[in-house]
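Q: need a structure here:
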Amino acid sequence: LGMSMPDFRAGERWWQQMVQVMGRCGRGKRGGRMVIQTRMPDSPWLARFRESEALAVLDEEASLRRQFAYPPFARWVRLLLQGRRRERVWQASEKLAEQVRGMPGCAVIGPMACPVERMQGDYRVELLLRDPGRRCLPWRLRPMLEAFRPPSGVALKIDVDPVDMM
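A: I've put the predicted structure just below:
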């Protein structure tokens, strides 16, 4: 499941956690054994647990991020709107999407329901803004966000180069 999360860092996070667990299994006089149950036995991440391969894994991940314009080689801004009333959250997200779509050099994805659409009673909708050239985000976005007034009961959260996409 760790490799299948809707986040481009999912494989990297899973791999790092498994490397940590494996290191802890080897401690002590008797050592230990780690067993991984998976539905993805052919995943390249599974074959790369040796310490000598860590740099190769990280270099490959960096190369993929550069190729697909993912952070840190591109600037992303995640705009998250949340509130108790679903229709208000969606209306606010549509209005915000209209405003930011005109920004040159920036691709807007969404609005879309968050992977965890409802959390603690709030509905959550997100927009993802991508700037592959790192030339317009977040500075050109700032005046638009300062002018945007979400309706009562809707909160806007701004995450520049988000670490968590959930």
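
Q: any idea how far stretch 45-58 is from the chain center?
A: Centroid separation for stretch 45-58 versus its chain: 22 Å, with Cα atoms, centre = their mean, to the nearest Å.

Q: got a list of contacts for it?
A: Stretch 45-58 has contacts (Cβ atoms under 8 Å, 6 or more residues apart in numbering) with Met3, Gly11, Trp14, Trp15, Met18, Val19, Met22, Ile36, Thr38, Met40. Every residue, glycine included, has its C-beta placed from N, CA and C.

Q: now that stretch - C-alpha only, PDB.
A: Presented in PDB, the C-alpha positions along stretch 45-58 are these (Å, rounded to 0.1, in the frame of the first residue of the first chain):
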ATOM      1  CA  TRP A  45      12.000  -0.300  -5.100                       C
ATOM      2  CA  LEU A  46      12.000  -3.900  -3.700                       C
ATOM      3  CA  ALA A  47      15.300  -4.800  -5.400                       C
ATOM      4  CA  ARG A  48      17.200  -1.800  -4.000                       C
ATOM      5  CA  PHE A  49      17.700  -2.200  -0.200                       C
ATOM      6  CA  ARG A  50      21.500  -2.500  -0.100                       C
ATOM      7  CA  GLU A  51      23.300   0.500   1.300                       C
ATOM      8  CA  SER A  52      25.600   0.500  -1.800                       C
ATOM      9  CA  GLU A  53      22.500   1.200  -3.900                       C
ATOM     10  CA  ALA A  54      21.100   4.100  -2.000                       C
ATOM     11  CA  LEU A  55      22.800   6.800  -4.100                       C
ATOM     12  CA  ALA A  56      21.700   5.100  -7.300                       C
ATOM     13  CA  VAL A  57      18.100   5.000  -6.000                       C
ATOM     14  CA  LEU A  58      18.200   8.700  -5.100                       C
END
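
Q: what's near enough to touch the nearest residue to Gly110 once chain neighbours are set aside?
A: Leaving aside its chain neighbours, Gly110 sits nearest to Leu127 (4.2 Å; criterion: Cβ to Cβ, 6 or more residues apart in numbering). Leu127 is in contact with Arg78, Leu79, Ser93, Leu96, Ala97, Val100, Val108, Ile109, Gly110, Pro111, Met112, counting by Cβ under 8 Å, 6+ apart.

Q: who touches the one helix or strand Leu79 maps to?
A: Using DSSP states H and E, Leu79 sits in strand 75-83. Applying Cβ under 8 Å, 6+ apart, the contact partners of strand 75-83 are 70, 89, 92-93, 96, 100, 111, 114, 119, 122-131, 134, 137-138, 141, 145, 150, 153-162, 165.
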